[in-house]
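Peer 1: Sequence first, predicted coordinates after that:
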Amino acid sequence: MLITYTSGYRVGRLRLIFKIPRQASDHLFPDLIHPGHLAYVEWFTPFSAPNPVHGLHRVTRPRGRPGEKPPSVIEVSRIRRSVHLFPDFGSAASQDWSSSTVLDQCDHFWVSPFTDLHMYMSVF
């Protein structure tokens, strides 16, 4: 059994960071410690096995298919790091994609391990 450093981690698209007002928190969580800052996250699929040619992991953007992990609200403290994704272009990149729209228009992405040494050691 191969255990990689990606085990237990998922790529998510952070959509919103917010905090529940104190008065609402008192009402919603009367006997609990109030949560800190929260994040609304849309999850990608788990990391694929490394590609045999280049060794990169692929993730897929959720489309609401049965069995996919729905978006979640998590505590910001559970976020470990940012990752760089680049589109799986296939044979050609769509001319409709731009840096501000590609996360909405492309379905499959490669996780770049080359952002820094920690990322490289975590993914490779």
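Peer 2: Perfect, I can see it now. Numbering: from 1, shown residues only.

Peer 1: any low-confidence regions in this protein?
Peer 2: Where the chain drops to pLDDT under 70, the residues are 1-6, 65-68, 123-124.

Peer 1: hmm, 80 instead?
Peer 2: The chain contains residues with pLDDT under 80 at 1-8, 62-69, 116, 118-124.

Peer 1: what about the helices in it?
Peer 2: Taking DSSP state H, the helices of the chain run over residues 22-28, 102-105, 117-123.

Peer 1: Flag every buried residue along the second one.
Peer 2: Along helix 102-105, the positions that meet the burial threshold by neighbour count (16 or more other Cβ atoms under 10 Å) are residue 102. Heads up, the C-betas are built off the backbone N, CA and C, glycines and all.

Peer 1: contacts for it?
Peer 2: Residues from elsewhere that reach helix 102-105, judged by Cβ atoms under 8 Å, 6 or more residues apart in numbering: 13, 61, 85, 87, 94, 96-97.

Peer 1: now with 10 Å?
Peer 2: 13, 42, 61, 85-87, 93-94, 96-98, 109 (Cβ atoms under 10 Å, 6 or more residues apart in numbering).

Peer 1: Now compare those residues and name the two farthest from each other.
Peer 2: Spanning the widest gap among the contacts of helix 102-105 are 42 and 93, at 22.7 Å by Cβ to Cβ.

Peer 1: quick one: residue 95 from residue 89, how far?
Peer 2: For residue 95, the distance to residue 89 equals 12 Å [Cβ to Cβ, to the nearest Å].

Peer 1: Between the two, tell me which one has more neighbours.
Peer 2: residue 89 (12 against 6; other Cβ atoms under 10 Å).

Peer 1: From residue 25, how far off is that one?
Peer 2: Residue 89 is 45 Å from residue 25, where distance means Cβ to Cβ.

Peer 1: does residue 48 really touch residue 55, like I thought?
Peer 2: No: using Cβ atoms under 10 Å, residue 48 makes no contact with residue 55, being 11.3 Å away.

Peer 1: ok, those two, which is more surrounded?
Peer 2: Taking other Cβ under 10 Å, residue 48 and residue 55 do not tie; residue 48 has more neighbours (15 against 10).

Peer 1: Please work out how many residues are found near the residue nearest to that one when sequence neighbours are not counted.
Peer 2: Nearest residue to residue 48 in three dimensions, chain neighbours excluded: residue 58, at 4.3 Å (Cβ to Cβ, 6 or more residues apart in numbering). By the criterion of other Cβ under 10 Å, residue 58 has 17 neighbours.
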